[in-house]
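Student: can you look at this prediction? I've put the sequence above it.
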Amino acid sequence: MGYVMNSLLSQLLIIIEQGLLYLPLVLGGYLVISLMQIPDLSIESAVLIGAIAGNAGACVFSAAGLGLYVGIVVAGFAGAAVGVGAALLHVYGRLSHLLSSIIMLGFCQGLSLLFMGASHRPVVHEVIKLMLVPGYPVLPILVGCGFLVSLLMCYFLKTKLGLICAFYGDNPRFLVNHRISSAYVVCMGMGIANALAGITGFLLGQVNGFIDVGMSFGTPLVCITALVLGQLLTSVKKVLAVVVPLVGVFAYFASQTILLKSGIDLRFFQLMQAVFLVIVFLSRRSRYQHTLGV
Amino acid sequence: MHVVVRNFTVTMEAGNKLFSDFSLELKGPGLYFIIGQNGVGKSTLARILAGLVTPAVDVCGEVLIDGVTYDLATAPTSSYLSDHVVYITQRVDDMIASHFSVRENLAAAMFTRFPGFSRFLKPTLDLFALPENIPVAALSGGQRQLLAIAMAMQKQPSVLILDEPTSALDPQNSILVMDAIKQLSRHMLCLCISHDEQLMARYVCVPRVNL
């Protein structure tokens, strides 16, 4: 009995750890995909760029004891730069959101290889380990980081810029008719969302102990699946509801753990996600239109 | 509130002239109607007066608002025009976000104006008899039009231009909206574009501009 309880507790802590790791990314996805209705693939490259830049910053400042803070800030700025770059391509290059984010994806992939010099690099300075919970050294920092980004997102959505970002997704003509600069709103929204993705990249690098150019593959799908799960489980009707990504990200990793424990081969997990999304969207299309991001 | 349009000429991309040396003088506060058949250029005139970009047309002429002169060809770049002249489009759903509440729409409309919000909300809601927390999708056509006007009023404009404000409304809602506009016209210059002669018969005491 004790063994079963210990095993359950251990699985629960792993789900919480994984959920907190991806929470900034899913919050960013919630802002840009659900609220702004932008099919932003650049969050994938923001994760990778955030991992490289953040860990480089952490490496430089770890001797001064500032590695964690510098790492998070640098990863955030690097991710934001990716988002703003994609936004500028859309605004001034007059490219569609999808095309601009695909171009940014290719650009960042090349840039990552250039900076890393190889497709795989170990993280030299691990700055997020605190021995507060035995066996789970990264959990305290992830809890603090997740709590902070969730609070900041709640606050942001209460500001006028947050509201206008959501209005952009509801009705882009609103901004034109009220003479609000679409360029500013798109740049800010995509910048903030990708900054959060960059933070997840930094944390992923730290937790895994390495950075790989393929580490961010499929992250937009993780975002969308988590958001749909959150919407299904919470059934909230309000457009601005941070509870959706919060519930969604933990539900995503809980379902992943359940599938793993059921003996299902996780190599096919992305395929299962895609089938799940198709079923949900086709069966309840109008209801999940907001989560679709299209 | 004094609006003068001088030598207003609009040439369409195909080369035909929509307006040629058109001049107009309006003194406020008051309610004016611009009436005319479809396609004569009512909305184009209104959009250019409001400093909105109108693609595929060549514009020349000038507009004087409260004694300040603006070249109509460069009007879209004028922050004065965007602050003092507000244009409410014919497609009122383009001006509101239907998945959000009345309160959220009004807050968003104040984006560039006020750091605070709540103290300005109640008088607006009372003036237009709008419910605060109801989603806009649940409002009637007349209430949506009133909301668009309420949102435009957050800019505290000198001139309010309304493009066919009653075209999509039933007679009852049309009167509700027109009464609200008439009330506003006591304090500002309201310019109403319409081709509904029947509705205007209720407001015959106000001046008209025939195009």
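Tutor: Yep, it's here. Numbers count the residues shown, from 1 in each chain, chains lettered A, B, ... in the order given.
Student: which residues of chain B score low on pLDDT?
Tutor: B:53-56, B:74-82, B:111-123, B:203-211 (pLDDT under 70).
Student: mind checking how far the residue most central in space within it is from residue B:135?
Tutor: Centroid-nearest residue in chain B, with C-alpha atoms, centre = their mean: residue B:161, separated by 2.3 Å. According to C-beta to C-beta, to the nearest Å, residue B:161 stands 28 Å off from residue B:135. C-betas here are computed from N, CA, C, even on glycine.
Student: pretty sure the residue nearest to the centre of chain B is touching residue B:50, no?
Tutor: Yes - applying C-beta atoms under 8 Å, one finds residue B:161 in contact with residue B:50, separated by 5.5 Å.
Student: need the residues touching each of the two.
Tutor: B:85-87 (C-beta atoms under 8 Å, 6 or more residues apart in numbering or on different chains).
Student: what about these, which are in helices?
Tutor: Judged by DSSP state H, the shared contacts of residue B:161 and residue B:50 include no members of helices.
Student: closest to chain A among those residues?
Tutor: Using C-beta to the nearest C-beta, residue B:87 is the member of the shared contacts of residue B:161 and residue B:50 that lies nearest chain A, at 8.0 Å.
Student: for the closest one, give me its contacts.
Tutor: Counted by C-beta under 8 Å, 6+ apart, residue B:87 has contacts B:46-47, B:49-50, B:52, B:161, B:163.
Student: same question for residue A:229.
Tutor: So residue A:229 contacts A:247-248, A:251-252, A:255 (C-beta under 8 Å, 6+ apart).
Student: low-confidence ranges, chain A, go.
Tutor: Ranges of chain A meeting pLDDT under 70: A:1, A:130-132, A:285-294.
Student: tell me which element residue B:9 falls in.
Tutor: strand B:2-12 (DSSP states H and E).
Student: hmm, who's touching the helix or strand following that strand?
Tutor: On the C-terminal side of strand B:2-12, the nearest following helix or strand under DSSP H and E is strand B:17-27. Residues outside strand B:17-27 that contact it (C-beta under 8 Å, 6+ apart) are B:1-12, B:32, B:40-41, B:44-45, B:57, B:61, B:189, B:191, B:209.
Student: rerun that using 7 Å as the cut-off
Tutor: B:2-12, B:32, B:41, B:44, B:189, B:191, B:209 (C-beta atoms under 7 Å, 6 or more residues apart in numbering or on different chains).
Student: now, of those, which are buried?
Tutor: Using 16 or more other C-beta atoms under 10 Å in any protein chain shown as the burial test, the contacts of strand B:17-27 include B:3-5, B:8, B:10, B:32, B:41, B:44, B:189, B:191, B:209 as buried.
Student: and the two most separated of these?
Tutor: B:10 and B:189 (21.7 Å; C-beta to C-beta).
Student: which phi and psi does the nearest residue to residue B:38 once chain neighbours are set aside have?
Tutor: Distances taken as C-beta to C-beta, 6 or more residues apart in numbering or on different chains place residue B:195 nearest to residue B:38, at 6.8 Å, with adjacent residues excluded. Here is the backbone geometry of residue B:195 (degrees, to the nearest 10): phi -130, psi 20.
Student: so how far is chain A from residue B:195?
Tutor: 22 Å (C-beta to the nearest C-beta, to the nearest Å).
Student: residue B:132 too?
Tutor: 15 Å.
Student: tally of neighbours for the nearest residue to that residue once chain neighbours are set aside?
Tutor: Of all residues not flanking residue B:132 in the chain, residue B:103 sits nearest, at 5.0 Å (C-beta to C-beta, 6+ apart). Neighbour count of residue B:103, defined by other C-beta atoms under 10 Å in any protein chain shown: 17.
Student: and what of residue B:17?
Tutor: 13.
Student: helix or strand for residue 124, which one?
Tutor: All of this is about chain A. Going by DSSP H and E, residue A:124 is not in any helix or strand.
Student: um, chain B though
Tutor: helix B:118-128.
Student: check which element follows that helix along the chain.
Tutor: Immediately after helix B:118-128, counting by DSSP H and E, sits helix B:141-153.
Student: who does the helix or strand immediately after that following helix in the chain touch, helix- and strand-wise?
Tutor: As assigned by DSSP H and E, the chain's next helix or strand after helix B:141-153 is strand B:159-163. The contact analysis (3 or more C-beta pairs under 7 Å, 6 or more residues apart in numbering or on different chains; DSSP states H and E) places strand B:159-163 against helix B:42-49, strand B:85-88, strand B:189-194.
Student: how about the residues of chain B that lie near chain A?
Tutor: B:82, B:89, B:94-100, B:104, B:107-109, B:111-112 (C-beta under 7 Å from any C-beta of the partner chain).
Student: buried members of those residues into PyMOL, please.
Tutor: Here is the PyMOL command that selects the buried residues among these (16+ other C-beta under 10 Å):
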select buried, chain B and resi 82+89+94+95+96+97+99+100+104+107+108+109+111
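Student: returning to that earlier point: in CSV, list the shared contacts of residue B:161 and residue B:50 along with distance to residue A:55.
Tutor: Output for the shared contacts of residue B:161 and residue B:50, formatted as CSV (distance: C-beta to C-beta, whole Å):
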residue, distance to residue A:55
B:85, 53
B:86, 51
B:87, 51
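Student: which one among the residues you listed gets closest to residue A:272?
Tutor: Checking the shared contacts of residue B:161 and residue B:50 one by one against residue A:272 (C-beta to C-beta), the nearest turns out to be residue B:87, at 50.9 Å.
Student: so what's the closest one bridging to?
Tutor: residue B:161 (DSSP bridges).
Student: can you give me the strands for the stretch 151-294 of chain A?
Tutor: A:210-212 (DSSP state E, counting those that start in this stretch).
Student: near chain B, which residues of it?
Tutor: Counting by C-beta under 7 Å from any C-beta, the residues of the stretch 151-294 of chain A near chain B are A:160, A:163-164, A:167, A:170-171, A:173-174, A:177-180, A:239.
Student: by neighbours, which of those wins?
Tutor: Busiest of these [other C-beta under 10 Å] is residue A:167, holding 29 neighbours.
Student: residues contacting the nearest residue to that residue once chain neighbours are set aside?
Tutor: Setting aside the residues directly before and after it, residue A:167 is nearest to residue B:97 in space (C-beta to C-beta, 6+ apart), at 4.6 Å. Contact analysis of residue B:97 by C-beta under 7 Å, 6+ apart lists A:167, A:170-171, A:174, B:105, B:136.
Student: residues contacting the residue nearest to residue A:241 when sequence neighbours are not counted?
Tutor: Using C-beta to C-beta, 6+ apart and skipping residues adjacent in sequence, the residue nearest residue A:241 is residue A:234, 7.0 Å away. Listed by C-beta under 7 Å, 6+ apart, the contact partners of residue A:234 are A:243-244, A:247.
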